[in-house]
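Trainee: Sequence plus the predicted model coming up.
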Protein chains: 2
Amino acid sequence: MVEIITIGDELLIGQVVNTNAAWMAEEINGAGWSVRQITSVSDNADEIRRALDEASGRAEVILMTGGLGPTKDDITKDVLCDYFSTRLVINNQVLKNIESFFHRKGFPLTELNRNQALVPESAHVIENLLGTAPGLAFEKNGKRYVSMPGVPYEMKQIMEVYVLPELLKSSGDQVIVHKTVLTQGIGESFLAKIIEEWEESLAPDIKLAYLPSPGIVRLRLSMRGTDRMMMEKKMAEKVDALQKLIPAYIWGEGKETLEENAGKLLKEKGKTLATAESCTGGLIAHRITAVPGSSGWFTGSIVAYANRIKTDVLGVSLQDIESHGAVSREVVESMAAGARNYLKTDYALAVSGIAGPDGGTDDKPVGTVWIAVAGPQGIKSRKFLFGDERMRNIQRSSTAALGMLREVILKEE
Amino acid sequence: MVEIITIGDELLIGQVVNTNAAWMAEEINGAGWSVRQITSVSDNADEIRRALDEASGRAEVILMTGGLGPTKDDITKDVLCDYFSTRLVINNQVLKNIESFFHRKGFPLTELNRNQALVPESAHVIENLLGTAPGLAFEKNGKRYVSMPGVPYEMKQIMEVYVLPELLKSSGDQVIVHKTVLTQGIGESFLAKIIEEWEESLAPDIKLAYLPSPGIVRLRLSMRGTDRMMMEKKMAEKVDALQKLIPAYIWGEGKETLEENAGKLLKEKGKTLATAESCTGGLIAHRITAVPGSSGWFTGSIVAYANRIKTDVLGVSLQDIESHGAVSREVVESMAAGARNYLKTDYALAVSGIAGPDGGTDDKPVGTVWIAVAGPQGIKSRKFLFGDERMRNIQRSSTAALGMLREVILKEE
């Protein structure tokens, strides 16, 4: 068992979301270990010591992040010296790394940064190639401890070069196999009802979890044992059966995103895409361009936030906007057609909706969203009714739009 | 003291980032209470019980989220019955809420959802207006416990209607005052060096923390005591002194975002904005349109991911692209001018860069980004050199661009 302790006042006052813990937990699982508990405590010596004591009683490996920065609020190193009965000494290798780090960046070296070369004498020092605070590994009573900086990419690098290889070396025979099926277009409880019998047919050693997020429900199957091949096979059979049961809702597996999946489809077919976004305001284009290599199939987007851009750039008729409103089948279809013609792509995806908090009417309440896909075989459009919350409406609109795009591409095969 | 226990296997295998805990912690702080620890445990009865026991030993109020869903993996309710020595009974009010929830949505009611009306008999039931699992409050040995669903907006609603008002009622005289100063355009250790004397001048009861995120460092001052007015005054003086020390780097205070801040400036001056985005792929437009009311000053964006859109839509000359490359002063300035003319706004922000992982050269490595702002008084442009990581480069580019926009607007005053 592994435990993660994330240290920092910013976590306990909610100023920072703990993305480090999620990333670490996923990687630790991948290396064949389970995470028993994730604990966040403040930059306070007593609290850090207590968390270390408690975690040591439950796990063999304790991973810490945070509190190693150059500034005065960072006290983890002092606590570690005390906890492992050692003292701070200058480490020349770390000092050299810090100096060369600043030299590479062309920045002058401050005294604060030079102090980061002070490390606990008994620690095994893990080089930080991306920053100034090194990783620190300790052993005590047969338990292993690693302290890492809280800056995500620095922590990740130390996990990758040191922690994960160490965990893999000693994970023994036990492996955990996860398989995640990605669904879209159906709510959690309806899905549970449709797949009830299938769920009951799962062997007791297969654990199922429902993970809902705006517009998407992920189904995660987990199994623990020693025979990876047998487990993979058993799970694959169950996933196949599920695939036959709800083909319309399943769009992928594992960590794939909807935008990666849509991109893969377009790439396979040698087709291109553009978007025309009103209420999603660029989020669809952002999600798409977050995928490395998306320039191969995505040309661009017209974010037509003002109606004037809808008419002037996308060629929507002013009359359509005046008689049907900007959030209407007519306007969204003509946005899609306009983007497809103007940006010269095979497909174009258009969204127009009322994200809120203002702009709703009795006829078209906040959450009303029209989505259209223009493709080689014409235009498809659909109306959605999401909820009251602006950011959630924007998120769900972008997910529903990517889902619709996928559907249309597959139907046109 | 409050403790937060977030329950769910998905947290311990890293499939879900714990955004609930951050939101709750911030609100709890705002209500005058401190969070001592945040603990994530799996959907396992023993682990949940242990976490409850430990938290009860440290805090007066224990808030739980997760494990209340309709599906089989959700076991929190059973554990609570056991922990508080009670049993599940049908609650008619909850059943009515569930029925009307499904009626409103136009969905049929499943047996699984009906079961959500089963609640621990000794619990105080808190209505869930946005979903089917109600909140559950308990008391035991003078400690208070509230269990809430893990779906963020359902949890938030229960926090707002019940938990926060209860905390406010009993927060006594102690208050915590936070003040956060937002800086941009300078790294953590350089900032620490410049403000070293100021930092040393802080009274010992004022705590300072550095919170770096891509392109931004937030400085948070915290103070605890009973005299809010005196504390506010003391902190305001320190913030004023800081403002005088580093005026060029400070752009705001509190929870404001750079996009909100830029929007406020534009609105005050009655000016409008458009963007032309290449490597940021719509992220700037998305950040802007996430701000409610941004339609008052933002007209739209041309996401010119393909060079063809840069020439055809934005009017960049093909010759400029061929002789200087798409990531160059010439091209980004002409993108900004093109967007400003074409979308008819006062200002236009343009970004062109190499986000990676591919596309870097010796001359222009991955992370090279050009940003331009076109305004009534001409065009300003600047080259940035960020790092190796695609998403981080996209994030930092969008932040640097919004920072530059702000700078130009202020200079043109």
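Mentor: Thanks, I have it.

Trainee: rest of the way, CA atoms for contacts and neighbours
Mentor: Fine.

Trainee: what kind of secondary structure is the residue lying closest to A:L314 once chain neighbours are set aside in?
Mentor: Closest residue to A:L314 apart from its sequence neighbours, by Cα to Cα, 6 or more residues apart in numbering or on different chains: A:G338 at 4.7 Å. When classified by DSSP: H, G, I helix; E, B strand; the rest coil, A:G338 comes out as helix.

Trainee: And the pLDDT for A:G338?
Mentor: At A:G338, the predicted lDDT confidence score is 97.

Trainee: is it true that it touches A:G315?
Mentor: Yes - when contacts are counted by Cα atoms under 8 Å, A:G338 is listed as touching A:G315 (5.9 Å).

Trainee: So for those two, which sits in the more crowded spot?
Mentor: A:G338 (24 against 18; other Cα atoms under 10 Å in any protein chain shown).

Trainee: who's in contact with that one?
Mentor: A:314-316 (Cα atoms under 8 Å, 6 or more residues apart in numbering or on different chains).

Trainee: distance of it from A:Y305?
Mentor: 15 Å (Cα to Cα, to the nearest Å).

Trainee: now A:R382
Mentor: Applying Cα to Cα to A:R382 and A:Y305 gives a distance of 20 Å.

Trainee: who's more crowded, the two?
Mentor: Regarding A:R382 and A:Y305, a neighbour count based on other Cα under 10 Å identifies A:Y305 as having more, with 26 against 17.

Trainee: B:H103 versus the more buried one, what's the distance?
Mentor: A:Y305 is 34 Å from B:H103, by Cα to Cα.

Trainee: now A:M223
Mentor: A:M223 is 38 Å from B:H103, by Cα to Cα.

Trainee: What of A:M404?
Mentor: Taking Cα to Cα, one finds A:M404 at 26 Å from B:H103.

Trainee: which one of those two has more residues nearby?
Mentor: Per other Cα under 10 Å, whichever of A:M404 and B:H103 has more neighbours is A:M404, with 22 against 12.

Trainee: Which single helix of chain A contains the most residues?
Mentor: helix A:390-411 (DSSP state H).

Trainee: quick one: is that one near chain B?
Mentor: Yes - judged by Cα under 8 Å from any Cα of the partner chain, helix A:390-411 comes into contact with chain B through A:390-391.

Trainee: quick one: terminal-to-terminal distance for stretch A:131-145?
Mentor: End-to-end span of stretch A:131-145 (Cα to Cα): 21 Å.

Trainee: hmm, I was thinking of stretch A:192-207
Mentor: 14 Å.

Trainee: quick revisit: which elements pack onto the longest helix of chain A?
Mentor: Judged by 3 or more Cα pairs under 8 Å, 6 or more residues apart in numbering or on different chains; DSSP states H and E, helix A:390-411 is in contact with helix A:258-269, helix A:283-289, strand A:347-353, strand A:368-375.

Trainee: who's in contact with A:I28?
Mentor: By Cα under 8 Å, 6+ apart, the neighbours of A:I28 are A:2, A:34-35, A:164, A:167.

Trainee: what's the spacing between it and B:G14?
Mentor: 9 Å.

Trainee: and the host helix or strand of A:I158, is it in reach of chain B?
Mentor: Using DSSP states H and E, A:I158 sits in helix A:152-158. No - Helix A:152-158 lies out of reach of chain B by Cα under 8 Å from any Cα, never closer than 8.9 Å.

Trainee: Could the C-alpha coordinates of that helix be exported in CSV?
Mentor: C-alpha atoms of helix A:152-158 as CSV (Å, rounded to 0.1, in the frame of the first residue of the first chain):
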residue,chain,number,x,y,z
PRO,A,152,3.2,19.5,-10.9
TYR,A,153,5.8,19.1,-13.7
GLU,A,154,8.7,18.9,-11.2
MET,A,155,6.9,16.3,-9.1
LYS,A,156,6.0,14.3,-12.3
GLN,A,157,9.5,14.2,-13.4
ILE,A,158,10.7,12.8,-10.0
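
Trainee: Can you mark which positions in it are buried?
Mentor: For helix A:152-158, burial by neighbour count (16 or more other Cα atoms under 10 Å in any protein chain shown) applies to A:152, A:154-158.

Trainee: Please work out which residues outside that helix touch it.
Mentor: Helix A:152-158 is contacted by residues A:19-20, A:24, A:65, A:126-131, A:135, A:148-149 when judged by Cα under 8 Å, 6+ apart.

Trainee: Contacting chain B as well, which ones from those?
Mentor: Among these, chain B is touched by A:19, A:24 when using Cα under 8 Å from any Cα.

Trainee: Quick one, which of the contacts of helix A:152-158 are buried?
Mentor: For the contacts of helix A:152-158, a neighbour count by 16+ other Cα under 10 Å gives the buried set as A:20, A:24, A:65, A:126-128, A:130-131, A:135, A:148-149.

Trainee: Turn those residues into TSV, columns for secondary structure and distance to B:N115.
Mentor: Formatted as TSV, the buried ones among the contacts of helix A:152-158 follow (DSSP: H, G, I helix; E, B strand; the rest coil; distance: Cα to Cα, whole Å):
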residue	secondary structure	distance to B:N115
A:N20	helix	36
A:M24	helix	35
A:T65	strand	41
A:I126	strand	52
A:E127	coil	54
A:N128	coil	52
A:L130	coil	52
A:G131	coil	52
A:G135	strand	49
A:M148	strand	45
A:P149	coil	45
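
Trainee: closest to B:I246 among these?
Mentor: Of all the buried ones among the contacts of helix A:152-158, B:I246 sits closest to A:G131, with 24.5 Å by Cα to Cα.

Trainee: Could you pull up the residues touching that closest one?
Mentor: So A:G131 contacts A:98, A:101, A:154 (Cα under 8 Å, 6+ apart).

Trainee: helix/strand/coil for the nearest residue to the first one once chain neighbours are set aside?
Mentor: With Cα to Cα, 6+ apart as the criterion, A:I98 has its nearest non-adjacent residue at 5.4 Å, and that residue is A:T132. The assignment at A:T132 comes out as coil when based on three-state DSSP.

Trainee: For A:T132, give me the pLDDT.
Mentor: 84.

Trainee: right, and it touches A:Q116 too?
Mentor: Yes - counting by Cα under 8 Å, A:T132 touches A:Q116, with 6.5 Å between them.

Trainee: Looking at these two, which one has more neighbours?
Mentor: Each of A:T132 and A:Q116 has its neighbours counted (other Cα under 10 Å); A:T132 has more, 25 against 21.

Trainee: I'd like the next helix or strand past the one helix or strand A:T6 maps to.
Mentor: Using DSSP H and E, A:T6 sits in strand A:2-7. The helix or strand immediately downstream of strand A:2-7 is helix A:9-12, counting by DSSP H and E.

Trainee: Report the angle between the helix or strand hosting A:R49 and strand A:2-7.
Mentor: Counting by DSSP H and E, the element that carries A:R49 is helix A:45-56. Using axes from the mean of the first three to the mean of the last three Cα atoms, to 10 degrees, the direction of helix A:45-56 lies 170 degrees away from that of strand A:2-7.

Trainee: Could you pull up the mean pLDDT of stretch A:225-242?
Mentor: Mean pLDDT, stretch A:225-242: 92.

Trainee: ugh, wrong one, I meant stretch A:255-266
Mentor: Rounded mean pLDDT across stretch A:255-266 is 94.

Trainee: Point out where chain A drops to low pLDDT.
Mentor: A:413 (pLDDT under 70).

Trainee: which residues are in contact with the host helix or strand of A:Y145?
Mentor: According to DSSP H and E, A:Y145 maps onto strand A:143-148. Applying Cα under 8 Å, 6+ apart, the contact partners of strand A:143-148 are A:56, A:59-66, A:68, A:133-139, A:154-155, A:158, A:163.

Trainee: and if we set it to 7 Å?
Mentor: With contact meaning Cα atoms under 7 Å, 6 or more residues apart in numbering or on different chains, strand A:143-148 is reached by A:56, A:60-66, A:135-139, A:155.

Trainee: Could you list which of these belong to strands?
Mentor: The strands, defined by DSSP state E, take in A:61-65, A:135-139 from the contacts of strand A:143-148.
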